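Visitor: Structural data only, the sequence is not supplied:
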């Protein structure tokens, strides 16, 4: 079993094991830790795919597809943790704009979920040009969210 597959299986296990709890946090700090953990994992897999898209790493269809699948799964997780009152304070880069512009934030989050799911399905096809185009959409979505909903 490849390392990426092991990671994906581990993530799926964690998601199911803690699935009921992720929407409810005992305190804002718990939501912040959860959110930061998910975002760290997303960034690691985005970086792996980015290296391929930029030509800095060899394209391996199966590895790229596995990374895209992990990101698509993770993309569904952090949003409720961002909507917990008080999670824009403390050890976080989350801006209060998430609460002030919640409809825009939710639309951006939904777009990220859609874009990452499309990337996962595109990656399975193996067309590197199509993959690069969709990966660009995912990265633009990341940048948009960081621009609008991250402390500066």
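Guide: Here it is on my side, so go on. What you see is a predicted model, and the numbers here were worked out from it, not measured in a lab.
Visitor: ranges for the helices of this protein?
Guide: With DSSP state H, the ranges of helices along the chain come out as 3-18, 28-53, 61-74, 79-82, 97-100, 102-125, 128-149.
Visitor: tell me which residues in the fifth one are buried?
Guide: For helix 97-100, a neighbour-count test (16 or more other CB atoms under 10 Å) marks 98-99 as buried. The way it works is simple: take the backbone N, C-alpha and C, and place the C-beta from them, glycine included.
Visitor: which helices and strands does that helix pack with?
Guide: Contact partners of helix 97-100 among helices and strands, from 3 or more CB pairs under 8 Å, 6 or more residues apart in numbering; DSSP states H and E: helix 128-149.
Visitor: Quick one: mean pLDDT for the helix it packs on?
Guide: Helix 128-149 shows an average pLDDT of 96 in the prediction.
Visitor: OK, contacts around residue 46?
Guide: The contact partners of residue 46, by CB atoms under 8 Å, 6 or more residues apart in numbering, come to 71, 138-139, 142.
Visitor: go with 7 Å
Guide: Taking CB atoms under 7 Å, 6 or more residues apart in numbering, we find residue 46 in contact with residue 71.
Visitor: For the helices of the chain, give me JSON lines that also has distance to residue 90.
Guide: As requested, the helices of the chain are exported to JSON lines (distance: least, CB to CB, whole Å):
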{"stretch": "helix 3-18", "distance to residue 90": "21"}
{"stretch": "helix 28-53", "distance to residue 90": "6"}
{"stretch": "helix 61-74", "distance to residue 90": "23"}
{"stretch": "helix 79-82", "distance to residue 90": "13"}
{"stretch": "helix 97-100", "distance to residue 90": "14"}
{"stretch": "helix 102-125", "distance to residue 90": "19"}
{"stretch": "helix 128-149", "distance to residue 90": "16"}
